[in-house]
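Colleague: Quick one: sequence and predicted model below, then my questions.
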Amino acid sequence: MIVDIHTHIFPDKIRKHREAFFEGEDAFCLLYGSPKAKMVGPEALVEAMDEQGVDRSVTFGFPWNDMNTMRMHNDHVLEAAARFPDRLVPFCCVPIDHPESTSEVQRCLRAGAKGVGELACYKSRMDNQALDALTGIMKCALEFDVPVLIHTNEPIGHAYPGKAAMSLEEIDALLRRFPENRIILAHWGGGIFFYALLKKEMQERFRNVWFDTAASPFLYDSRVYAIAASIIGVDRILFGSDFPLIRPERYRREILTSEFGPQQLDAVMGDNARRLLRI
C-alpha cells in the first residue's frame, strides 16, 4: 500500500476566486497569491493518485485566520473523505494562535478527522507564545489519540514562499513541550533528524516523531533518504508529496536511487504511514 501523508485540497470557490480570500490572510497570499500556485480539489487529487499508483492520501486545507473560512475548508476536507472513504484520510487544519482553534479541532475529530495538520507559523516564530497557544490543540490530539503534522523547514539555505523564520532550537522546544504527542515534522523536520546522532537526550526526544519527505526534490539531494534512514531509522520516514506541488512519481525515482531494499522502500512509501494512521 502506498500512502501519501501530505497533500492539500481546496474548495471550488477558493480555487476559482482566490483573490476574494486574500484580505486578512497574509500567509495565504504568501503561498497562493500567484495564479501559478496550484490548487486542486478532491477529484483531481484522486485522479492523480490513480495515475501515480497511490492508494491513500492524507489531505488537509490551510490555516486560515478567518474561522468561517477555516470551518468551510475543514468541512470540505471531511466531505471529500466521505465521498472517497477508501482513498482520502482527512486531517483538520487550524491557525495555531486563534482562540477557537482547539474547539474547531474537537469538532473535526468528532466528525471523523484522523489527525491534525498541517499546522504552521508562516508569518511568525514558533516561540514560547506559539507553543502556549498550541497546548490546547495538542491536548485534544492526545485525547483522540491522533497524530499532528507540523510545518517545519530548514533555517538556512535559499528563500522560497512558505519558508518560515524558524530555528532548530524552536523545533526542539516543540518536541520537548509535547513529548507524548505523535508528531509528524513536515519537510524532513528542517534537518533536525541529524541530531539523533547526539549521544544524550535527542534519541529520546524523537521517540514519538516522524519525518515526512514533502518538497524534498526541491530542497535536498536524493542522498537524504539513505542518510536519514541511517540516522533515525527507515521506520521514521513518511512519504509525503505536498501534492499538487510535486507529483509522487518524482519522489519514487529519487528514493530508488537511495539503494533501499524492497522492505525499506515499502516502509517509506506506505507501511510506516499505515501503522501510524492505523489503517
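Modeller: That came in fine, so what should we check first?

Colleague: Please, where are all the strands along the protein?
Modeller: Secondary structure of the chain (DSSP state E): strands at 3-8, 56-60, 88-92, 115-119, 148-150, 183-185, 209-212, 237-238.

Colleague: Test my guess that V116 contacts L142.
Modeller: No - using Cβ atoms under 8 Å, V116 is not in contact with L142; the gap is 10.6 Å. Where C-beta positions appear, they are placed from N, C-alpha and C, glycine not excepted.

Colleague: These two: who's more crowded?
Modeller: Remark: of V116 and L142, V116 carries more neighbours, 28 against 14, as counted by other Cβ atoms under 10 Å.

Colleague: Look up the closest residue to the more buried one, ignoring the ones flanking it.
Modeller: Nearest non-adjacent residue to V116, counting by Cβ to Cβ, 6 or more residues apart in numbering: V148, 4.6 Å away.

Colleague: before we move on, back to that, looking at the strands of the chain, which is nearest to G270?
Modeller: strand 3-8 (4.1 Å; Cβ to Cβ).

Colleague: Now do the closest one, average pLDDT.
Modeller: Mean per-residue pLDDT for strand 3-8: 98.

Colleague: circling back: who does the residue nearest to V116 form a beta bridge with?
Modeller: Beta bridges link V148 to V116, I183, judged by DSSP bridges.

Colleague: For it, give me the pLDDT.
Modeller: pLDDT, V148: 98.

Colleague: okay, now it: neighbour count?
Modeller: Burial measure for V148: 23 neighbouring residues, criterion other Cβ under 10 Å.

Colleague: One more: W210?
Modeller: 22.

Colleague: Next: the one 5 residues further on.
Modeller: When neighbours are counted by other Cβ under 10 Å, A215 registers 21.

Colleague: ok, now which ones touch it?
Modeller: By Cβ atoms under 8 Å, 6 or more residues apart in numbering, the contact set of A215 is H187, D242, L245, I246.

Colleague: try 10 Å
Modeller: 6, 153, 160, 162, 186-188, 240-242, 245-246, 251 (Cβ atoms under 10 Å, 6 or more residues apart in numbering).

Colleague: correct me, but the residue nearest to V116 touches E118?
Modeller: Yes - using Cβ atoms under 10 Å as the test, V148 is close enough to E118 to be in contact (9.4 Å).

Colleague: Find the residues that touch each one of these two.
Modeller: F91, I184.

Colleague: ok, so what distance separates the closest residue to G190 other than its chain neighbours from T102?
Modeller: Nearest residue to G190, sequence neighbours excluded (Cβ to Cβ, 6+ apart): T152, at 4.3 Å. Look at T152 and T102: by Cβ to Cβ, to the nearest Å, they are 21 Å apart.

Colleague: More neighbours: which of these two?
Modeller: Counting neighbours by other Cβ under 10 Å for T152 and for T102 shows that T152 has the greater number, 26 against 19.

Colleague: Let me know how buried the closest residue to G53 other than its chain neighbours is, in neighbour terms.
Modeller: Distance criterion Cβ to Cβ, 6+ apart; nearest residue to G53, sequence neighbours excluded, is I2 at 6.0 Å. Under the neighbour criterion other Cβ under 10 Å, I2 is assigned a count of 20.

Colleague: and what of the one 4 residues further on?
Modeller: Number of residues near H6 (other Cβ under 10 Å) recorded here: 28.

Colleague: show me what contacts F239?
Modeller: Contacts of F239 were listed using Cβ under 10 Å, 6+ apart, and they are 2-6, 54, 212-214, 216, 248, 251-252, 255, 265, 267-270, 272-273.

Colleague: quick one: I192 and E25, what's the gap?
Modeller: Taking Cβ to Cβ, one finds I192 at 29 Å from E25.

Colleague: So between the two, which is more surrounded?
Modeller: I192 (26 against 20).

Colleague: isn't the more buried one right next to A173, touching?
Modeller: No - the pair I192 / A173 is not scored as a contact, 11.2 Å apart, by Cβ under 10 Å.

Colleague: Give me the common contacts of those two.
Modeller: S167.

Colleague: Counting by contacts, list what the worst-scoring helix or strand of the chain on mean pLDDT packs against.
Modeller: Sorting the helices and strands of the chain by mean pLDDT, DSSP states H and E puts helix 248-256 at the bottom, at a mean of 90. Here helix 248-256 is seen to pack against strand 3-8, helix 42-52, helix 216-219, helix 224-232, helix 262-266 when contacts are counted using 3 or more Cβ pairs under 10 Å, 6 or more residues apart in numbering; DSSP states H and E.
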